[in-house]
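S.K.: sharing a model prediction with you, sequence too.
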2 protein chains.
Amino acid sequence: MSLHAVILAGGAGERFWPASRARRPKPFLRVVGGRTLLDATCLRARRIAGASRVWVVCGREHAQAIRRATGLPASRVLVEPARRNTAMAIAFAALRIARADPQAVLAVLPADHHIPDTAAFAADLRAAARAARAAGALVTLGVRPTRPETGYGYIDVGAPVGRAHPRLHRVRRFVEKPERRVAERYLRGGRHLWNAGIFVFSARAILEEIEAHTPELAAALGPLRARARSSRAELARSYRRAPSLPIDVAVMERSQRVWTLPVRWRWSDVGTWESLAGELGVAPGRSRLLAGDLVYDDGAGNLVWGPDGKAVALLGVSGLAVVDAGDALLVARLDRSNEVRAIVQGLKEKGRLDVT
Amino acid sequence: MSLHAVILAGGAGERFWPASRARRPKPFLRVVGGRTLLDATCLRARRIAGASRVWVVCGREHAQAIRRATGLPASRVLVEPARRNTAMAIAFAALRIARADPQAVLAVLPADHHIPDTAAFAADLRAAARAARAAGALVTLGVRPTRPETGYGYIDVGAPVGRAHPRLHRVRRFVEKPERRVAERYLRGGRHLWNAGIFVFSARAILEEIEAHTPELAAALGPLRARARSSRAELARSYRRAPSLPIDVAVMERSQRVWTLPVRWRWSDVGTWESLAGELGVAPGRSRLLAGDLVYDDGAGNLVWGPDGKAVALLGVSGLAVVDAGDALLVARLDRSNEVRAIVQGLKEKGRLDVT
């Protein structure tokens, strides 16, 4: 029962506009520590699964760039016929990988997270894989909250599962995007963890649970299952009819086999310019330059991203994201950077594909 | 005694960085109404003096661009051997023009001011020219203050000069850059006017007064006066030894022949991004786009200048100048834009001639 790493590279990362674009989504951005988020995820994946068991799931529009960036063979870059959220992406990958290795255990890793401590990460992933192997559990990793975040899902952690898996717990329930007050209570209470979107389960177990709880997803993958292999067009048609559901909703909140592993390492989904600023230690007295050439900044507390060699001067401003992507420029208050997506969506509605 | 217009195009306009550069100084910027400040000044100059009596004084580095932009013949683009402030530039021009027209009356116009009402401007310049012709007066135009500006010189307006020149007044004294409180008193009092840096006098009168009050300037121009014409190198040497003085200090504050003509038209020296914003009507609820493509601005009260077609989005910010000049970007609070010069000077000290 070998451990395979499945990197989900389907997200758009619109909130990183204008650095992220339809053709250069968030995993391709060099935002922390000199390498792209995708590169860093691949490194972690190889660490836990070995180079020959790393897979990526992505859309057609990014497949070539991902093959180039990761050096993965085409057979391990799984191209979805359409984008249908994480449940479908995981089901698709599980079916494809199970065909090559029916005993496969999968570690599902979003391509655009930041986890500085690779060693601690790898050790926990192996512990989760043991539970997935031995008990058929669907393991979700839980991160201790550091702020009353209202944009995440929370795990209400239950009793320990027992001596055989000392750090694993049952899940009482999942809570998706709580209100601010509730999130504050969770933060104080200590019993709730952030659902980090990192999962470990056997291919067999997740396919069984998808079949049990969201049979329409399993049905949509029928053409892939058929003994006499169906055409690509047939799969694409049935894929597009499938519901677009996150794996949390499709399976995790419904299954009785879900366990959680509380982890202690630092994690960030690098969701907005603000969370990136937090990750990089931007503070009222401290600005950070991600790219470009910050020639003057008397304000501090700003996050700056500019084209190579571009001279950027900030005078009297603080707490801003200043992002110059060459053909588009964003100047935004960091604490409102979750609204960046609205700018992108507005541009798309106006047909401005040149700058989205 | 024909009226000649002398456009002073020697200033750098560092406070308009990064739009203004050593090689593209402020007069070349298209900041108000679609034409450059220099073009607009030339239009006014032609209106009062006729196309064949318009002159420009500038440094060697801009001479070619000015000839191209204005269409003036090389003989009327007077290239100073060095930059020595307005007194020397005016003395230089007066000597050169007097050689062609000994009876010349000069209207001295800075190349980078904004005066929307050309007709009213022209009428007042003609009234000033009459006084300069008939009485040998050095006339300075006085603008009614609209704010307690501490960066300007003020004219303490004295008694009317008499019936022959009904709108002209004597000058009690000049006050250079008063303290805030003093400027506020002037604003309330109504007796003080801004010295706009626009002067009208005969070439003969200004040369006499320079000789009388700042003989070292007159001496520095000796090589230009000599009957047997001296070499260009000799003039350059003596020019560089001349003191760098504004005409206000060198002559106006000392001469007994100075009159002022209070004017009623709108005037702006477009000194900073903030004053430009004021001129353009930027207000808390209203942003202005000077160039580029402002795709989103929920804050308003911002002034935006970007390269053609560049998409600029502002989120949650107000009262900012956002100026993208391609290779350099400024994000500054408008109310601190008089500090922009410090950025430029810092860059120059670091040898960053590429972006200054």
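M.R.: Yes, it's here. Numbers count the residues shown, from 1 in each chain, chains lettered A, B, ... in the order given.
S.K.: so what's the most centrally placed residue in chain A up against?
M.R.: Geometric centre of chain A, nearest residue: A:P110, 2.9 Å, by C-alpha atoms, centre = their mean. The neighbours of A:P110, taking C-beta atoms under 8 Å, 6 or more residues apart in numbering or on different chains as the test, are A:I7, A:L8, A:G11, A:T41, A:G197, A:I198, A:D269. All C-beta atoms are positioned from the backbone trio N, CA, C, and that covers glycine.
S.K.: same thing but 6 Å
M.R.: Counting by C-beta atoms under 6 Å, 6 or more residues apart in numbering or on different chains, A:P110 makes contact with A:L8, A:G197.
S.K.: likewise A:D124?
M.R.: A:V263.
S.K.: which element is it on?
M.R.: Element membership for A:D124 (DSSP states H and E) is helix A:118-135.
S.K.: equivalent analysis for A:I48, please.
M.R.: helix A:37-49.
S.K.: specify the beta-bridge partners of the residue nearest to the centre of chain A.
M.R.: A:L8 (DSSP bridges).
S.K.: quick one: A:D117 from B:V304, how far?
M.R.: The spacing between A:D117 and B:V304, counted by C-beta to C-beta, to the nearest Å, is 42 Å.
S.K.: and the residue nearest to A:I206 when sequence neighbours are not counted, backbone torsions?
M.R.: With C-beta to C-beta, 6 or more residues apart in numbering or on different chains as the criterion, A:I206 has its nearest non-adjacent residue at 5.2 Å, and that residue is A:A94. The phi and psi values for A:A94, taken as degrees, to the nearest 10, are phi -60, psi -40.
S.K.: what's the answer for A:A65, then?
M.R.: phi -60, psi -40.
S.K.: again with A:L193
M.R.: Main-chain dihedrals, A:L193, degrees, to the nearest 10: phi -120, psi 150.
S.K.: wouldn't it be in contact with A:G142 here?
M.R.: Yes - using C-beta atoms under 6 Å, A:L193 is in contact with A:G142, at 3.0 Å.
S.K.: now do the shared contacts for the two.
M.R.: By C-beta under 6 Å, 6+ apart, the residues touching both A:L193 and A:G142 are A:I155, A:P262.
S.K.: helices of the stretch 101-250 of chain A, residue ranges please.
M.R.: Per DSSP state H, counting those that start in this stretch, the stretch 101-250 of chain A carries helices over the ranges A:118-135, A:180-189, A:203-213, A:215-220, A:222-225, A:232-241, A:247.
S.K.: out of those, which gets nearest to A:R352?
M.R.: helix A:232-241 (25.7 Å; C-beta to C-beta).
S.K.: ok now that closest one, how far from the chain's centre?
M.R.: Computed by C-alpha atoms, centre = their mean, to the nearest Å, the chain-centroid distance of helix A:232-241 equals 25 Å.
S.K.: quick check, A:V295 in a helix?
M.R.: No - counting by DSSP: H, G, I helix; E, B strand; the rest coil, A:V295 falls outside a helix, being strand.
S.K.: mean neighbour count, the helices of the stretch 101-250 of chain A: which tops it?
M.R.: Of all these, helix A:247 has the most neighbours on average by mean count of other C-beta atoms under 10 Å in any protein chain shown, namely a mean of 27.
S.K.: A:H4 contacts A:A107, correct?
M.R.: No - the criterion here is C-beta under 6 Å, and A:H4 misses it with A:A107 at 7.1 Å.
S.K.: common neighbours of these two, please.
M.R.: With the criterion set as C-beta under 6 Å, 6+ apart, the contacts of A:H4 and A:A107 do not overlap.
S.K.: ok, A:S231 - how many residues close by?
M.R.: 9 (other C-beta atoms under 10 Å in any protein chain shown).
S.K.: before we move on, back to that, separation between the residue nearest to the centre of chain A and chain B?
M.R.: 25 Å (C-beta to the nearest C-beta, to the nearest Å).
S.K.: check contacts around A:A98.
M.R.: Taking C-beta under 6 Å, 6+ apart, one finds A:A104, A:A203 in contact with A:A98.
S.K.: swap in 7 Å and give it another go.
M.R.: A:A104, A:A203, A:R204, A:L207 (C-beta atoms under 7 Å, 6 or more residues apart in numbering or on different chains).
S.K.: surely it forms part of a strand?
M.R.: No - counting by three-state DSSP, A:A98 falls outside a strand, being helix.
S.K.: how close does it sit to chain B?
M.R.: In terms of C-beta to the nearest C-beta, A:A98 sits 45 Å off from chain B.
S.K.: equivalent analysis for A:Y239, please.
M.R.: 33 Å.
S.K.: now that residue. Nearest residue, chain neighbours left out?
M.R.: A:Y239's closest residue in space is A:P81 (C-beta to C-beta, 6+ apart), at 4.4 Å.
S.K.: for A:N195, same thing?
M.R.: A:G153 (4.0 Å).
S.K.: neighbours of the residue of the stretch 1-150 of chain A found nearest chain B, how many?
M.R.: Nearest to chain B, among the residues of the stretch 1-150 of chain A, is A:P18, at 7.3 Å (C-beta to the nearest C-beta). Neighbours of A:P18 under the rule other C-beta under 10 Å: 24.
S.K.: what about it, which SS state?
M.R.: Going by three-state DSSP: A:P18 is coil.
S.K.: who are the contact partners of it?
M.R.: Contacts of A:P18 (C-beta under 7 Å, 6+ apart): A:V323, A:A325, A:A328, A:L329, A:L330, A:V355.
S.K.: circling back: tilt between the helix holding A:D124 and helix A:203-213?
M.R.: Angle of helix A:118-135 versus helix A:203-213, following axes from the mean of the first three to the mean of the last three C-alpha atoms, to 10 degrees, is 70 degrees.
S.K.: distance from the chain centre to the helix or strand of chain A with the lowest mean pLDDT, please.
M.R.: In chain A, the helix or strand scored least confidently by mean pLDDT, DSSP states H and E is helix A:222-225, which has a mean of 85. Relative to its parent chain, helix A:222-225 has a centroid offset of 26 Å by C-alpha atoms, centre = their mean.
S.K.: likewise for stretch A:202-209?
M.R.: 20 Å.
S.K.: export that stretch to PDB, keeping only CA atoms.
M.R.: Output of stretch A:202-209 as PDB, limited to C-alpha atoms (Å, rounded to 0.1, in the frame of the first residue of the first chain):
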ATOM      1  CA  SER A 202      -6.700   5.000   0.400                       C
ATOM      2  CA  ALA A 203      -8.000   5.200  -3.200                       C
ATOM      3  CA  ARG A 204     -10.300   2.400  -2.400                       C
ATOM      4  CA  ALA A 205     -11.800   4.100   0.700                       C
ATOM      5  CA  ILE A 206     -12.400   7.400  -0.900                       C
ATOM      6  CA  LEU A 207     -14.000   5.900  -4.000                       C
ATOM      7  CA  GLU A 208     -16.300   3.800  -1.700                       C
ATOM      8  CA  GLU A 209     -17.300   6.800   0.300                       C
END
